[in-house]
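K.L.:
coords please:
(chains A and B)
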Amino acid sequence: MSVWFNPARELDALLRKVAPSVPGLDASFQPELRPSDPRHADFQSNGAIAAAKKAKANPRALATALVDAVKATGELDESLIQVEVAGPGFINFKLTPKALGAWLREYRDESKWRAGASRIMGGRKVVIDYPSPNTAKQMHVGHLRPIVIGEAVARLIEFCGAELVRDNHIGDWGTNFGILILAIKRAGFQLDAKSPTALEDLERLYKEGSVLTKADPAQLDAARAELARLQQGDAASLALWTEIVAVSNAACQRIYDQFGLKTDVILGESFYRDKVDQVYTELQSAGLAEESEGALVMWCDEEPRFSRHAETKMPFIVRKKDGSSNYASTDLATLLHRTEHFKADEIVYVTDGRQQDHFQQLFLNGAKWFRATDRKLPRLRHVWFGTILGEDGKAIKTKSGDPVRLQELIDEATERAFTAVTEKNPDLPEAERRAIAKSIGVAALRYVDLSSNRTMDYSFSWTKLLAFEGNTAPYLMYAVVRVRSIFRKNGIEPGQGEAGATDPETPTEIALARKLLGFTAALDQALEDLRPHHLCTYLHELAAAYGAFYAADSVLVDDPAVKARRLMLCARTTSIMECGLRLLGIEPVERM
RNA sequence: GUUCCCGUAGUUCAACGGAUAGAACAUUGGUUUCCUAAACCGAGGAUGUGGGUUCGAUUCCCGCCGGGGACACCA
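P.N.:
Sure, this is the predicted structure:
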C-alpha cells in the first residue's frame, strides 16, 4: 500500500465504497470524516450515528459492521491505521508511529505536497478579483484586508492546482471621478503627476468635492455631469483622468511591493467602457432589464429581497438615468469578459462585507443573463470580510476623520521589529537587521488580519497590530529560525542527515508528527470556504508542537537513529512552516 | 421600517451538528552551566436571553435584548 497523502480523504472514500455492502446502509452514506480531538484519535467518522437513526438500527452495532466491512477489504493496513468504535457510534482512526514515520519519509518537500493538494483544484481556471481599490485615495488601514486576504486566498488556490489569473479590478470609472474632476476644476488645480504630494492633493480635493456634493444636490448633479462627460469621451476629461489614474496606481504599487503582491492584470472599470452597451442590449432583448424611474434595472422576483414587490425596493441598477454606467454595468461586463476571454471556471471576488447584497444580485442576475444567452456560468464566489472599526465602532473610512495610513502602520511595525531584532542580535550588520525587521513588521501586520475569521469585524488597535508575542507571525517565524539554527550548527541543510531515521517515539515526537500530517486537513479546511485563518490556526499549533518537542527532545544527540529521526522532524517542520507562511504571504527569515 | 452579518474567559479570537468548548494576551506559579528564553511547563477564568428540533446544540429554527452593515442610480 502506498502512503496516503491525505488519510482523511482516503478513509472517507473507503467508507463510502463499503457502505452498500453493510445492511442498513447504501450508496448515499455520508461518513462525515473529520480530524478528531487528538485525545481520542486522528480522524473520526460520525456518519454511522445518523445513518443508524435513519435505518432504525443500533448505532454502535452499525458502526461495528461498517468497521468489519472496511477490514474485510484488506485495504486498511492495521499496522498503520488502528480503528475502533467509541462513544455513541463514532469510528475512530488512529495513525500508528509507523504510519507517521512512513508519511514523513514519503512527503518530504513542497513538490510532494503540491502534487497531493492539486487534486483539490487541479485543471480549473480561476480568476480572482483583488485588491481592487478605488482610485485617487491614499491607502489607509482599511485597505490592509483586501490586499492581505486576497493574496492569501490567491496563493491557496494556486497551491491547490488551479490556473490562476489575478485581476486588479480598480474603481476608476465611477462617480467618485465626477466628484474629483469637479473639485479640481473648481479649485483651478493643476495636477502634476511628478509632484510628491500629487496623491495627497487629489485626496484633499476629493474630500472637498465629497463634502460639497453631499451638502448640495445641485453640486452632486454637476459631479454626475462631469462623470457623464468623461464616459462620453470628452478629451480634456480623459486627459485629466489618465493622469489621476497614473498617480494613483503608482502610489498603490508602492504599497503592493511591500506586501509582495503582484497582480497579473489591471482591468479596472474603465476597461469595460466600450463593453457595457452589449450588456444593455442583451439584457433588454432577453427581457431581463427594464426601465424604471429613467434607469435600466433588473429585478429578481424569485428572491424576495430583490423582488419588484419587496417592501424596500432594491433593484439592480444596470444603467443610470443619465445613461452612464455604474458598478453593476461594469461588473456584468466583467463577468462576461472573464468567462469568454479568460475561460474562467470560477471567479472569486474579494471585497468587504458591505457589498454582499450587490454580489448576490450580480450572481443571480448574471445567472439569468447567461442562461438566456446560452452561456455557461462560472462558479461565482464572494469572499467577503468584515470591517476594521474605528474607536467609535464605525468603519474606518477616508471620508470621515483621518484613519491611519497604511504606510504609517508598516513603518511603525518595521521600526518596532527593528528595535527587537537589534536587542536580540546586536552583532548582525544593520542592513540585515533592517531587512529582517521589514519582514517581521509586515508579517505581523498581515498575520493579525489573517488569523481571525475574515467575516468578523475588528477594531483597530496599534497594540494588536504590532504585537509580536502569542499567536503572531513573529512566533511562527521564530519557530522556523530555531529549526534552521539547528541545521546551521550541524553544517547541513534541512532534508540531509535523515538516513536511518526511525519512526517517532517520544510523546513530543509523536505529537509533532501528527501535527505535521495535519497540514493536509488544514489545507482542505482553508480551501473549503476560502478562509485563511484555518491555516493560521494550524501553523500556530504546529509551531507550539515544535516548541514542546524542542524543549523536551534534544536533536543533536549521539544515537544516530534518534538524531536522524529528529532531524527529519525538524526538516519537515521547517518546510511545512515555510510553505504555510508563504501561502499566507509571509516570507520566513533565517535568523531573528 | 425591510433585510443581512455578528454576540463565546477580564481582553482578542477558535470550534465543518459530536466526546471534558480550544488558544493567545493579561493575571499567577515554575523552568536556562545544553540545538536562538521572541521559548517551554503548570494554575484560575467563558457560550447575551427565553423557547424549540436532536441520541447530542456555541453551531440549526423561532422570539427578545445588544452591536454593526445594506436599502434608486457611490463602489
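K.L.:
Tell me, how many residues neighbour residue A:423?
P.N.:
Using other Cβ atoms under 10 Å, residue A:423 has 8 other residues around it. For the C-beta atoms, the positions are set from N, CA and C on the backbone; glycine is no exception.
K.L.:
could you list every residue that touches it?
P.N.:
The contact partners of residue A:423, taken as Cβ atoms under 8 Å, 6 or more residues apart in numbering, number zero.
K.L.:
How about the host helix or strand of it, which residues are buried there?
P.N.:
Assigned by DSSP states H and E, residue A:423 falls within helix A:406-424. Buried residues in helix A:406-424, counted by 16 or more other Cβ atoms under 10 Å: A:406, A:409-410, A:412-414, A:416-418, A:420-421.
K.L.:
got those residues as TSV, with distance to residue A:495 and pLDDT columns?
P.N.:
Listed next are the buried residues of helix A:406-424 as TSV, based on distance: Cβ to Cβ, whole Å; pLDDT from 0 to 100:
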residue	distance to residue A:495	pLDDT
A:406	38	92
A:409	37	90
A:410	34	94
A:412	38	92
A:413	33	92
A:414	32	95
A:416	34	92
A:417	29	93
A:418	32	95
A:420	30	92
A:421	28	93
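K.L.:
separation between the residue nearest the centre of chain A and residue A:532?
P.N.:
By Cα atoms, centre = their mean, the mean C-alpha position of chain A lies nearest to residue A:153, the distance being 2.6 Å. As defined by Cβ to Cβ, to the nearest Å, residue A:153 lies at a distance of 7 Å from residue A:532.
K.L.:
how about residue A:213, what does it touch?
P.N.:
By Cβ under 8 Å, 6+ apart, the neighbours of residue A:213 are A:179, A:182, A:219-220, A:222-223.
K.L.:
Skip the chain neighbours and tell me the closest residue to the residue nearest to the centre of chain A.
P.N.:
Of all residues beyond its chain neighbours, the one nearest residue A:153 is residue A:530 (5.0 Å), with distances taken as Cβ to Cβ, 6 or more residues apart in numbering.
K.L.:
Likewise for residue A:377?
P.N.:
residue A:370 (4.4 Å).
K.L.:
and if you look at residue A:540?
P.N.:
Once flanking residues are discounted, residue A:540 sits nearest to residue A:471: 4.8 Å by Cβ to Cβ, 6+ apart.
K.L.:
Spell out which residues of the stretch 1-150 of chain A are next to RNA strand B.
P.N.:
For the stretch 1-150 of chain A, the residues in contact with RNA strand B (Cβ under 7 Å from any atom of the strand) are A:32, A:34-37, A:39-41, A:44, A:46, A:49-50, A:53, A:86-88, A:90, A:92, A:134.
K.L.:
let's go with 6 Å and repeat that
P.N.:
A:34-37, A:40-41, A:44, A:46, A:49-50, A:53, A:86-88, A:90, A:92, A:134 (Cβ under 6 Å from any atom of the strand).
K.L.:
Which PyMOL command selects the buried ones in these?
P.N.:
Buried residues among those (16+ other Cβ under 10 Å), as a PyMOL selection:
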select buried, chain A and resi 35+36+41+44+46+49+90+92+134
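K.L.:
The residues of the stretch 1-150 of chain A next to RNA strand B in helices, which ones?
P.N.:
A:49-50, A:53 (DSSP state H).
K.L.:
Which strands and helices lie in contact with the next helix or strand after the helix holding residue A:423?
P.N.:
The helix or strand immediately downstream of helix A:406-424 is helix A:430-451, counting by DSSP H and E. Identification of packing neighbours for helix A:430-451 by 3 or more Cβ pairs under 8 Å, 6 or more residues apart in numbering; DSSP states H and E yields helix A:144-159, helix A:406-424, helix A:462-465, helix A:473-490, helix A:533-552.
K.L.:
Kindly report which one of these carries the lowest mean pLDDT.
P.N.:
Mean pLDDT across those is lowest at helix A:462-465; the value there is a mean of 84.
K.L.:
Convert stretch A:347-355 to CSV, retaining C-alpha atoms only.
P.N.:
The C-alpha trace of stretch A:347-355 is given here as CSV (Å, rounded to 0.1, in the frame of the first residue of the first chain):
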residue,chain,number,x,y,z
ILE,A,347,-14.4,33.7,-10.3
VAL,A,348,-13.5,34.8,-6.8
TYR,A,349,-14.4,38.3,-5.7
VAL,A,350,-12.5,39.6,-2.6
THR,A,351,-14.3,42.6,-1.1
ASP,A,352,-15.7,43.8,2.1
GLY,A,353,-19.0,42.5,3.5
ARG,A,354,-20.9,45.7,2.8
GLN,A,355,-21.1,44.5,-0.8
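K.L.:
Can it be said to contact RNA strand B?
P.N.:
Yes: Stretch A:347-355 reaches RNA strand B (Cβ under 6 Å from any atom of the strand) through A:354-355.
K.L.:
Go through that stretch and flag the buried ones.
P.N.:
A:347-352.
K.L.:
tell me which parts of the stretch 301-450 of chain A are close to RNA strand B?
P.N.:
Checking the stretch 301-450 of chain A against RNA strand B by Cβ under 6 Å from any atom of the strand, the hits are A:305, A:311-315, A:317, A:320-321, A:326-327, A:354-358, A:387, A:393-395, A:417, A:420-421, A:424, A:440.
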